[in-house]
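In: A predicted structure for the sequence below; I have some questions about it.
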Amino acid sequence: RRGGQGLQVAPSVIRWSGSDITVEGRIKQRQLANSNFAWDFTLQSNQGRLGLGRPGEFIRLKRWIAEGKMFPGRGVLNLDKVISQAGDGELAMKGAVYTGNAPGITMSGRIGPMLARNFLGFWPEILGADARKWASKNVLSGQLQGASFSMRMIRPRGASKDTKSDYSMVLDAVLANARFVGNSALPPVYAEKASLALKDDAFRLSIPRSAFVFGDDRSLNIDNVELTAERMFDPTVDGETKLRVSGDLHDAVDIVQSLGVIEAQAGQEIKARATGKIDSQFRLTIPFVRSGQLPPPTVIGQVRILDGKVRNIWKDISASGRKVIIDVAENGWTANGQLMVGGIATKFRWQRFFNAGEAEQPPIRVTAVLNEKSRSKLGLQVNHMVRGPMGLDVAFAPKLSKNAQRTSTHVRLDLTRADLEIESLAWRKAAGKQAIAEFDYFPRDGQQSARLDNIRVDGGGLAIRGGAKIDRNDRLTSFDFTAFTLDVVTRLKV
């Protein structure tokens, strides 16, 4: 309405993106020297709320004021001062809006300290709407220590889609004691300090120290996170980051289990029998923007398991290893290392492919060279027949889910370097002559006895094929040799 001091703006409600404020003020016309005129305005409010991105979540407005000038002849709106106070925070900014031959907007300002979630109420959607949506969904708590921003978007009138706009954007913010969710399947992440920067269409997030936080005061450390993304306004956007993860093996198992790599039963079995520390380096590619559903991240890196121990890896025999290396690629991972099994040095290799069924997964391979002493440690009562080193190669499939089928363990013995003798057959093989023995071991299953199938022995003129059964005390109780050949003159079936 018109008054003696110009136009009076009656209380009016302005709504946008879950926010609303009731403004009032005055607008006064002023004559300019070139026969044009300007409108000076002052608007204010102390009634309203600023939405935080989630339905029903907002902060109450305490004070809002906007002062500036409108120049209708030039198509310019100057915002000389805009101050917003809500919740525990404050925003101060200035800028201009152009509607003439080169329409656009310029803006700059600062945001004072406040709760991290309250910052969402002051975050203009024009400064990265998708990033604001992500923060609204995933930032749980924390303290904004301060932020500043500036932007310029000018586009000539009549410009085509190929015309390059005069564009720049800068946003810098620092968070402390932040708690956020990086993936719905994972525990929340806690960061002592995080620096966020958006420059034109390039995004950068730096977190020197953070951790996955579990509900029982356990944590898995994440260090040196540097997340970057280029061309943020393209239809397809990926973020790249490098990070270091370290902590207790049990906590790492919980993370892997949360991602569905192993089932709960396997995770419980590992934690019940294994201990150790991990130290890992990863490079992740994280999809940010897609037209449809976001694909999962891709991970490349290396995990080191330090001072690992596994109880009862075979009966009452335990294993330990100072270092196990797991190389992670886009299609799977490969683990290699050296283990001391019952005091015997062994090497092992385990490979898994992400997009393959259990039937297509390679087995775990364990190799060792056993002498008389190490054979006795393992309970192999064969030293009366075998003298000298014996190569051992064991392949088996781990049971990673409760629905996994029970499988056999394949054992291959290289007896070439050993001296063999079976007195009852008056047979002897000297060291240096090639000889092997192999079989498939099936453990006891309910009422089914443990057994050896596909027995094959070749060397020194001796050839054996068949199977055997084993009792509860691991003693051979019966044999079924379908073929038994000694030299070339004796053929027996037992």
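Out: Sure thing, it's come through.

In: please name the residues that touch the closest residue in space to residue 137 that isn't next to it in sequence.
Out: Spatially, and ignoring its direct neighbours in sequence, residue 137 is nearest to residue 53 (7.3 Å; CB to CB, 6 or more residues apart in numbering). In short, each C-beta sits where N, CA and C put it, glycine included. Going by CB atoms under 8 Å, 6 or more residues apart in numbering, residue 53 touches 18, 120, 132-133, 135-137.

In: can you redo the residues you listed as a markdown table with pLDDT, distance to residue 145 and secondary structure?
Out: Rendered in a markdown table, the data for these read as follows (pLDDT from 0 to 100; distance: CB to CB, whole Å; DSSP: H, G, I helix; E, B strand; the rest coil):
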| residue | pLDDT | distance to residue 145 | secondary structure |
| --- | --- | --- | --- |
| 18 | 86 | 25 | coil |
| 120 | 89 | 16 | helix |
| 132 | 79 | 19 | helix |
| 133 | 79 | 23 | helix |
| 135 | 82 | 16 | helix |
| 136 | 84 | 20 | helix |
| 137 | 84 | 22 | helix |
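
In: could I get the residues you listed as JSON lines with neighbour count?
Out: Formatted as JSON lines, these follow (neighbours: other CB atoms under 10 Å):
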{"residue": "18", "neighbour count": "18"}
{"residue": "120", "neighbour count": "23"}
{"residue": "132", "neighbour count": "19"}
{"residue": "133", "neighbour count": "13"}
{"residue": "135", "neighbour count": "19"}
{"residue": "136", "neighbour count": "17"}
{"residue": "137", "neighbour count": "13"}
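
In: nearest to residue 168 among the residues you listed?
Out: The nearest member of the contacts of residue 53 to residue 168, counting by CB to CB, is residue 132 at 19.2 Å.

In: state the phi and psi torsions of the closest residue to the closest one other than its chain neighbours.
Out: Nearest residue to residue 132 in three dimensions, chain neighbours excluded: residue 123, at 5.1 Å (CB to CB, 6+ apart). Main-chain dihedrals, residue 123, degrees, to the nearest 10: phi -70, psi 110.

In: now do residue 123: how many residues are near it, please.
Out: Counted with other CB atoms under 10 Å, residues neighbouring residue 123 total 24.

In: quick one: the helices in this structure?
Out: Applying DSSP state H to the chain gives helices spanning 116-122, 129-138, 249-258, 264-273, 372-377.

In: now do the phi/psi pair for residue 88.
Out: Phi and psi for residue 88, reported as degrees, to the nearest 10, are phi -110, psi 20.

In: and for stretch 71-85, what's in contact with it?
Out: Residues contacting stretch 71-85 (CB under 8 Å, 6+ apart): 36-39, 50, 61-70, 90-101, 103, 107, 109, 122.

In: tell me the spacing between the residue nearest to residue 137 and residue 254.
Out: As judged by CB to CB, to the nearest Å, residue 53 and residue 254 stand 30 Å apart.

In: ditto for residue 271
Out: Residue 271 is 8 Å from residue 254, by CB to CB.

In: next one: residue 467
Out: Using CB to CB, residue 467 is found at 42 Å from residue 254.

In: OK, contacts around residue 50?
Out: With the criterion set at CB under 8 Å, 6+ apart, residue 50 makes contact with 19, 58-59, 61, 84, 86-87, 121-122.

In: can you pick the most crowded of those residues?
Out: With neighbours taken as other CB under 10 Å, the top of the contacts of residue 50 is residue 121, carrying 25 neighbours.

In: tell me the contacts of that residue?
Out: Contacts for residue 121 (CB under 8 Å, 6+ apart) come out as 19, 50-52, 58-59, 86-87, 89.

In: can you tell me how far it is from residue 307?
Out: Separation of residue 121 from residue 307 (CB to CB): 49 Å.

In: before we move on, what about residue 386?
Out: According to CB to CB, residue 386 stands 34 Å off from residue 307.

In: please identify which of these two sits among more neighbours.
Out: The residue with more neighbours, out of residue 386 and residue 307, is residue 386; 21 against 13, by other CB under 10 Å.

In: could you give the bridge partners of that one?
Out: residue 420 (DSSP bridges).

In: run through the stretch 101-250 of the chain and note the low-pLDDT ranges.
Out: 126-128, 157-165, 183 (pLDDT under 70).

In: for the residue nearest to residue 137, grab phi and psi.
Out: phi 100, psi -20.

In: number of nearby residues for residue 256?
Out: 13.

In: that one against residue 266, yeah?
Out: No: contact between residue 256 and residue 266 fails when scored by CB atoms under 8 Å: they sit 9.5 Å apart.

In: rewinding a little: now the contacts of residue 50 as a markdown table including distance to residue 424?
Out: Formatted as a markdown table, the contacts of residue 50 follow (distance: CB to CB, whole Å):
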| residue | distance to residue 424 |
| --- | --- |
| 19 | 93 |
| 58 | 90 |
| 59 | 90 |
| 61 | 98 |
| 84 | 97 |
| 86 | 94 |
| 87 | 91 |
| 121 | 89 |
| 122 | 91 |
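
In: just flag the most distant two among the residues you listed.
Out: Farthest apart among the contacts of residue 50 by CB to CB are 58 and 84. That separation is 13.4 Å.

In: out of the contacts of residue 121, who's nearest residue 375?
Out: Here the nearest of the contacts of residue 121 to residue 375, counting by CB to CB, is residue 52; it sits at 68.5 Å.

In: excluding chain neighbours, what is closest to that closest one?
Out: residue 120 (4.5 Å).

In: with residue 143 instead?
Out: Distances taken as CB to CB, 6+ apart put residue 176 closest to residue 143, at 4.8 Å, once the chain neighbours are dropped.
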